[in-house]
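In: kindly generate the corresponding structure for this input.
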Amino acid sequence: MAARLHNAALFALGQFSEHLQPDISKYHSHILPLLFRYLGLASETADKDPAGITRTYYALEMFCENLGDELLPYLPALMEKLLHNLQTSTAVHTRELAISAIGATANAAKQNMCPYFLQIMEPLRGYLLESDMGSALVLKIQAVDTLGVLARTIGAENFIPLVDESIQLGLQLINEVNDPDLRRCTYGLFASISTVIKEGMAPHLNTIVKLMIDSLQSTEGVVAHFKEDENEMLQVFGEDDGELDEEEDISIEEEDEEEDIEGYSVENAYLEEKEDTCNALGEIAFNSSLAFLPHIDECFSEIMELIEYPASNIRKAALCCMGTICRVLSRAQNAVDNGGEVFAKALEKVIPCFINIINTDSERTVVMAALETINEMLKEGSSSMVSEQSHVSSITSAIRNVLQLKTACQDEDDEDDYDEDPQQAEHDEMLIEYAGEIIPSLAKAMGGQAFGPYLAGALPLLVMKTKKTCTVAEKSFSIGTLSEIVIAMEDSIQPFAGHLVQVFVQGMQEEDPEVRSNAVFGIGVLAEHGKETLFTHYPVILSVISDLIGKEDDQCVIDNICGAVARLVLTNTEAVPVAQVLPRLVQLLPLKEDQEENNTVFKCIHHLYGSGHEAIPSLIPQLLAVFAQVLGTTQIKEETQGLIIQIIQSIHNQSPDEFNRLLTALPQDLAVRLSAAVCGSS
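Out: Below you'll find the predicted structure:
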């Protein structure tokens, strides 16, 4: 009973680690020592309690993978245990778990795994080279998977010496072992290697792409079901096929097939192989970039066919892969002859296909993949995608359909199930968010002025989701999307500014902090780009901000208030009581949660300092202390650091004695930073 209780607790911890991030990671000092102890105990009793070792490794992997740098103090002890189990255990399952856990550890520790790299590679190389492993094929598969993780995480300079050997090992494995799981992991390894050598994949692409195309075309694993087996056929490609069963029913019926064949099914492993092949092929294409161009044609037709595949996971993967292929073609527009023409022809096939998926596919996750992929394509091949009026019209029409809940996946007769299925409700919210994210990308691609008429049509649909009766998720999404649209539209947002200011002011007074934060950010960027059209609204905006800052306790909202005030000052200094607000603003620096707004605030301070504003001199001691805290850190951009150094230099040059006196009042490390800023830029 105690063992079962321990295993249940470990499984729960793994679930918490997977789904309650980042909150649970704060307890690492309590949890990791406990997991290390259980790992030792579970390893000793692995034969008697295989569930115990499995649950322990699951909890350990899930917890460690999300820790990042916080794992580093525990890394020596953890790697000692994992390598010990890998080298001494005789149980195949235990070694498989140890190899997997090393991969999870590498995801967190990244280049800090270098001291252990050779120790890891020795057993991995043994598993990869061993020709007859029998039941231990799982070790070979897991070794390939972990080698791919190491390629991504350990640093290009550290993995490059192993690139050729790893590719040859992968090709050898595919030729020697006919196993779908091994093939998909090996394709994943090739994708990982492509992140290291980029266009250096060129010499290997002929062989690798041919193998991957073979996997996409393969009918291996397809089983015919005859009429006498009708009752045994699995109906799995219905409306809920995200999770794959052991055998998947395709139910393909064609007139010219033999009458006694009822349909077909595909074993799960072969479906996963096709899915992972699509994902790996897309990543290899993306990283190889122009070196992949000779292989575009053969991949294009195969992937287009898979977009219509019965299994939703494969449709998703094919959509993402096709989007990546189009992004590669986009890069080729000015790099090769007829590049622009080839990209345009590809878009003529791809965009209608994607729009059809959005409107007619019954699976929400597939539609989300199509929306996300269109957004990524817009960001990379923006000018060509919006040069054809038909493309713009079809994309905006699809977005409206999603926002109005008119697509096939939103128009199901399952309202009762909807209330009982929180995951379905979450997918519906995400679907609308994915559609909304395309709008600012489209605005940026077209230019604000050209996009104006389309925004006029979409704006009511977004504003409708900010009403008090709407959910928090709807309000947060719509206000956040409107803010991003303002940024993308730039000065062309001015005709809409009067309407938007009301939406943002109302959002600033909402109960939910995320909604308030988005609304405060929105009012700031609207002031920045709305310019004169917002001047008459400054008194109301400042009044609401004043009320909010007096009672606000959410740090992200506070940071965005600082950013909004800075934008108001930068746009119309005379309309803001700077002498009143600046001391409070400086008191809140540096910002803690939304550090991106540090750049806006310091730009404002640079503006006030440069204009000789009367509020600045009395705040110089506090400002120098703040400057010292952010110099040389990731809290500010390089451009912002340059502005800060200008101010520091100017203060020093004007009053060197006073500057040095102020340095003596600061902690030594901060004083050293300021001195270095003065000397380094003189």
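In: need the longest helix for this structure.
Out: helix 422-446 (DSSP state H).
In: helix or strand right after that helix?
Out: Scanning forward in sequence from helix 422-446 by DSSP states H and E, the next helix or strand is helix 448-463.
In: what about that next one, distance to the chain center?
Out: 27 Å (C-alpha atoms, centre = their mean, to the nearest Å).
In: quick one: buried residues of it?
Out: When burial is assessed from 16 or more other C-beta atoms under 10 Å, helix 448-463 yields the following buried residues: 448, 451-452, 454-455, 458-459, 461-463. From N, CA and C alone the C-beta is placed, and that goes for glycine too.
In: after that helix, next one along is what?
Out: From helix 448-463, the next helix or strand downstream (DSSP H and E) is helix 472-489.
In: ok, now which ones touch the closest residue to Leu608 other than its chain neighbours?
Out: Sequence neighbours aside, Ile616 is the residue nearest to Leu608 in space, at 5.6 Å (criterion: C-beta to C-beta, 6 or more residues apart in numbering). Residues in contact with Ile616 (C-beta atoms under 8 Å, 6 or more residues apart in numbering) are 582, 605, 608-609, 623.
In: now do the longest helix of the chain against helix 472-489, angle only.
Out: If you take axes from the mean of the first three to the mean of the last three C-alpha atoms, to 10 degrees, helix 422-446 sits at 10 degrees to helix 472-489.
In: quick one: contacts of stretch 427-434?
Out: 364-365, 367-368, 371-372, 375, 402-403, 409-410, 418, 465, 471, 473-474, 477, 481.
In: weed out the non-buried ones from the residues you listed.
Out: Here, 16+ other C-beta under 10 Å leaves 364-365, 367-368, 371-372, 375, 402-403, 409-410, 465, 473-474, 477, 481 buried among those.
In: any idea how far Ser390 is from Ala51?
Out: 58 Å (C-beta to C-beta, to the nearest Å).
In: out of the buried ones among the contacts of stretch 427-434, flag the one nearest to Cys299.
Out: When the buried ones among the contacts of stretch 427-434 are ranked by distance to Cys299 (C-beta to C-beta), Glu372 comes first, at 20.1 Å.
In: what helix or strand is that closest one on?
Out: Counting by DSSP H and E, Glu372 is found in helix 364-380.
In: quick one: the closest residue to Gln119 other than its chain neighbours from Glu122, how far?
Out: Closest residue to Gln119 apart from its sequence neighbours, by C-beta to C-beta, 6+ apart: Leu83 at 5.7 Å. To Glu122, Leu83 is 10 Å away according to C-beta to C-beta.
In: of those two, give the one with the bigger neighbour count.
Out: A direct count of neighbours by other C-beta atoms under 10 Å for Leu83 and Glu122 places Leu83 higher, at 17 against 12.
In: my read: that one touches Ile120, true?
Out: Yes. Using C-beta atoms under 8 Å, Leu83 makes contact with Ile120 at a distance of 7.3 Å.
In: residues contacting Ile644?
Out: Neighbours of Ile644 in contact, by C-beta under 8 Å, 6+ apart: 602, 606, 627, 630-631, 636, 677.
In: got a markdown table for these, with secondary structure and pLDDT too?
Out: Formatted as a markdown table, these follow (DSSP: H, G, I helix; E, B strand; the rest coil; pLDDT from 0 to 100):
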| residue | secondary structure | pLDDT |
| --- | --- | --- |
| Phe602 | helix | 97 |
| His606 | helix | 97 |
| Phe627 | helix | 95 |
| Val630 | helix | 94 |
| Leu631 | coil | 93 |
| Ile636 | coil | 95 |
| Ala677 | helix | 89 |
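In: ok, of these, which come out buried?
Out: 602, 606, 627, 630-631, 636, 677.
In: so where's the stretch 251-400 of the chain shaky on pLDDT?
Out: Applying pLDDT under 70 to the stretch 251-400 of the chain picks out residues 251-266, 381-382.
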